[in-house]
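Participant: what follows is a predicted protein model with its sequence.
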Amino acid sequence: MPGSFSAGLSGLNANGTYLSVIGNNLANINTIGFKSSSVSFMDLVSQTMGGSSSNPMQVGLGVTTGSISPIFSQGAIENTREATNVAIQGGGFFVVRGATGNSYTRAGNFTFNSDGKLVTPDGQFVQGYTGTDATTGAIITTGQLSDITVPPGVLRPPVATTQIGDPRFAKTVVYMVAHDDQGALGLIVNRVYGKGRLDKFLEGFKIEPQDAKGDILLHYGGPVEPSAGFVLHTADYRGPGTRVVNERMALTSEISVLKAIADGKGPKKSLFALGYAGWGPGQLEGEIARGDWLSAPADETLIFDGDAESMWDRVQGQAGIKL
């Protein structure tokens, strides 16, 4: 008699555990990166009541929980419209570093802290391979992991993926001039309208070419204000209408920069474009989250080398953040 009560009680306890696991799965249905668990049961040892060794008569003593195992099947991936939120498709974990060392998580709701480090909601640092090959610019995926850092205030040009549907931006490289909570502005630097003599170009603006020699490439800067001219140039020149982007680059929208070039007092390197690319508040972030754009380090040498045709392919090797 006592055995029957204990066997029944073990069943109630085991099913109570099962209900607790189901309740926990339901409670975490909206928890980012959560993996539900399944329960398996096993019988307790049996008591032999008689019979032969080949066919014993046994009475089980109840049931117990055999295991509680997380289910690592692929869950649904949702678009959060946050550019720093990422997800894993397939097996794997993100590596994060805390006060006690590295740990692993499937939750990709990351943000940047004030130092530009990619962190989890509880402040752990997301780890990744951050070294690049000096020759190819490709990320080196061996060696020691380190904190993923994007220095605050550093603009990285967006690179259009093959997924983007707008033909005006297909396979374009955009140099970002400004990007804040009010929107974003940049110049497409790998589309060329045509090529002509610099002196003839200056004469078209009624500027005496002086000793200006060589050719100039006229770029398609973007679909906004296509008749407006912009000169993206090295920061050694500053004049009326100059907007300093960083210590190396600047943008001038006044004709005075062309006069300076004609007089031999202009920037060392420059790129002339008609029109620009613009985004409203949150628009570019949404397009990045959708997979339309990747980001790459700004490379002034690549911008001014005159090989616009191969620029997209070359920048693709440096685009994106690999975790």
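Facilitator: Yep, that arrived.

Participant: all helices for the stretch 201-323 of the chain, in order.
Facilitator: 256-262, 283-290, 300-303, 311-316 (DSSP state H, counting those that start in this stretch).

Participant: what sits closest to residue 202 if chain neighbours are left out?
Facilitator: Leaving aside its chain neighbours, residue 202 sits nearest to residue 209 (4.5 Å; criterion: Cβ to Cβ, 6 or more residues apart in numbering). The way it works is simple: take the backbone N, C-alpha and C, and place the C-beta from them, glycine included.

Participant: and for residue 253?
Facilitator: Using Cβ to Cβ, 6+ apart and skipping the chain neighbours, the partner closest in space to residue 253 is residue 241 (4.7 Å).

Participant: can you tell me how far that neighbour is from residue 205?
Facilitator: For residue 241, the distance to residue 205 (Cβ to Cβ, to the nearest Å) stands at 14 Å.

Participant: those two: which is more packed in?
Facilitator: Of the pair residue 241 and residue 205, residue 241 is the one with more neighbours under other Cβ atoms under 10 Å, namely 14 against 11.

Participant: doesn't residue 258 make contact with the more buried one?
Facilitator: No: with contact defined as Cβ atoms under 8 Å, residue 241 does not count as touching residue 258 (11.2 Å).

Participant: if I look at residue 204, what pLDDT would I see?
Facilitator: Residue 204 carries a pLDDT score of 79 in this model.

Participant: could you pick out the longest helix of this protein?
Facilitator: Once the chain is assigned using DSSP state H, the helix that runs over the most residues is helix 2-27.

Participant: show me how the chain divides into domains.
Facilitator: 2-70, 77-152, 158-316 (automatic domain parsing).

Participant: please work out which of those domains is packed deepest.
Facilitator: Greatest average neighbour count among these goes to domain 158-316 (a mean of 17), per mean count of other Cβ atoms under 10 Å.

Participant: mind listing the strands for the stretch 201-323 of the chain?
Facilitator: 215-220, 224-234, 242-244, 249-252, 270-279, 293-295 (DSSP state E, counting those that start in this stretch).
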